[in-house]
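Participant: here is the input, now give the coordinates:
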Amino acid sequence: MRHRVDTFKVGRSSAHRRSMLANMVSSLFEHGSIQTTVVKAKAARSFAERLITIGKKGDLHRRRLAVSKLRDKGAVKKLFDEIAPGYEGRNGGYTRILKLGKRRGDAAEMCILQLVEVAAVEEAPKKEAKVAPKKAKAEEAPKAEVKAEEAPAVEAKAEEAPKAE
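Facilitator: All right, here's what the predicted structure looks like:
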């Protein structure tokens, strides 16, 4: 009997499901968010959250466990060095699922699976980037006037060159 056995089968064999989830979570850790179907996202969310909890402990044994489950040393390195330390004060809830609607081809429910803290970190530099160009534009305006004054001098030099020939 399967009492209280809670596995999203996702319509795949167990080996295919493990490989798919490992690849999805590896991409999630590399990029911060992925777009997938809702059923796959729910399966990947539980897998990713378990790995982040393993990453918070941070010792060699936990790193080897993560490599055995994720199969991507680069993603494990990023998990232990960058992602897991950001969640030290949080007990679970490391990911979120944002629903997008139905896919055009087969009407499957699509969503974005993303790391919670990564979304907050990505939005902050965008706001700073918007502020910085405004200051730069104010500084560039006087330079443009100087360039306008230099332009006739450049044209005069260009006129002298054909006369010499």
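Participant: for the protein, which residues score under the pLDDT cut-off?
Facilitator: Within the chain, the segments meeting pLDDT under 70 span 118-165.
Participant: so where do the helices sit in it?
Facilitator: Ranges of helices in the chain, per DSSP state H, are 14-31, 38-57, 60-70, 73-78, 116-164.
Participant: identify each buried residue in the third one, please.
Facilitator: Buried residues in helix 60-70, defined by neighbour count with 16 or more other C-beta atoms under 10 Å: Arg62, Arg63, Leu65, Ala66, Lys69, Leu70. The C-beta positions use only the backbone N, C-alpha and C, and glycine is treated the same way.
Participant: closest to Ser13 out of those?
Facilitator: Set against Ser13, the nearest of the buried residues of helix 60-70 by C-beta to C-beta is Lys69 (17.5 Å).
Participant: now the buried residues of helix 60-70 as CSV including distance to Val10?
Facilitator: Converted to CSV, these look like this (distance: C-beta to C-beta, whole Å):
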residue, distance to Val10
Arg62, 26
Arg63, 27
Leu65, 23
Ala66, 22
Lys69, 17
Leu70, 18
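Participant: nearest to Arg104 among the residues you listed?
Facilitator: For the buried residues of helix 60-70, the nearest to Arg104 is Leu70 (31.6 Å; C-beta to C-beta).
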